[in-house]
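> here is my input; please provide its structure:
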Amino acid sequence: MEKELFNPFFNFLHLFTSISKEEQELIASHLEFRRVNEGEILLAQGKIARELFFVVDGVLKITSTSEKGNDVVLFFLRRNQFCTILRSYTGNTQAAEGIAAACNSELIVISRAAFDKLNKAIPYFKSLLDGIMQQGLLDKIQTRNELTGEDASTRYKKFLVRNPDIALRVPLSDVASYLGITQQSLSRIRRNLK
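Numbers count the residues shown, from 1 in each chain. Predicted structure coming up:
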């Protein structure tokens, strides 16, 4: 039963390469399945990232603290995306951002120690995950760039088109933070769209 929990992870990786049954079993022995609740902190800002998360279901958010001390949502990560603070995870340094569950979520977790063991045992594992995560990072940057310079209403409409699943699952306050507007402004925009 437990191995079945890892099927979404392997199904996703199979889109990029074939993985033998033996390698799957080895990888699975280093994975952890975890359910987290909305608001649960997975990595506090200033701590070292020691886990890599694969989102099976739900949404994670990467946050930072503004100069005024407010939490700001920088990115959302959803099903079939990896999430960590890469510089901290690979460099063993303090994370400039934090990670939290934006809604109840199911995750597959790879600890840094397990990642290192798998890299030694399966030569292509690191390059496979690196390539996937780099593409994910480029996608996040492109999404943010598409919103830059737009008025709040246009940013929200573009967000809805690109991320309807996220918009339906996360608190309105998180969407407002991500879009760089107040929750009151977002409520007004939503009323005007109806």
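> report the central residue of the protein.
The residue lying closest to the centre of the chain (CA atoms, centre = their mean) is residue 77, at 3.2 Å.
> distance of that one relative to residue 58?
9 Å (CB to CB, to the nearest Å). Heads up, the C-betas are built off the backbone N, CA and C, glycines and all.
> kindly report the same for residue 105.
For residue 105 relative to residue 58 (CB to CB), the value is 3 Å.
> compare those two (neighbour count), which wins?
Just comparing residue 105 and residue 58: by other CB atoms under 10 Å the higher neighbour count belongs to residue 105, 26 against 22.
> isn't that one up against residue 59?
Yes. With contact defined as CB atoms under 8 Å, residue 105 counts as touching residue 59 (6.5 Å).
> my guess is residue 182 contacts residue 176. True?
Yes. Taking contacts as CB under 8 Å, residue 182 lies within contact range of residue 176: 6.2 Å.
> which one of these two has more residues nearby?
Between residue 182 and residue 176, counted using other CB under 10 Å, the more crowded position is residue 176 (20 against 13).
> what pLDDT does the more buried one get?
pLDDT recorded at residue 176 is 92.
> where in this structure is the helix or strand with the lowest mean pLDDT?
Lowest mean confidence among the helices and strands of the chain (mean pLDDT, DSSP states H and E): helix 125-147, at a mean of 82.
> now the angle from the helix or strand following it to helix 125-147?
Per DSSP states H and E, helix 125-147 leads on to helix 152-162 as the next helix or strand towards the C-terminus. Interaxial angle, helix 152-162 versus helix 125-147 (axes from the mean of the first three to the mean of the last three CA atoms, to 10 degrees): 140 degrees.
> show me what helix 152-162 is packed against.
On a contact count with 3 or more CB pairs under 8 Å, 6 or more residues apart in numbering; DSSP states H and E, helix 152-162 meets helix 125-147, helix 172-179, helix 183-193.
> could you dump those helices to CSV with distance to residue 48?
Converted to CSV, those look like this (distance: least, CB to CB, whole Å):
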stretch, distance to residue 48
helix 125-147, 18
helix 172-179, 25
helix 183-193, 32
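> relative to residue 154, which of the ones you listed is closest?
Residue 154 lies closest, by CB to CB, to one member of the helices and strands packed on helix 152-162: helix 125-147, at 8.3 Å.
> distance-wise, check residue 4 relative to residue 179.
Distance of residue 4 to residue 179, given as CB to CB: 38 Å.
> what about those two, which has more around it?
Comparing residue 4 with residue 179 by other CB under 10 Å, the one with more neighbours is residue 179, at 20 against 8.
> model confidence for the residue nearest to residue 28 when sequence neighbours are not counted, exactly?
Distances taken as CB to CB, 6 or more residues apart in numbering place residue 6 nearest to residue 28, at 5.1 Å, with adjacent residues excluded. You'll see residue 6 listed with a pLDDT of 92.
> hmm, residue 6 is touching residue 32, no?
No. In this structure, residue 6 is not within contact of residue 32 by CB under 8 Å, at 9.6 Å.
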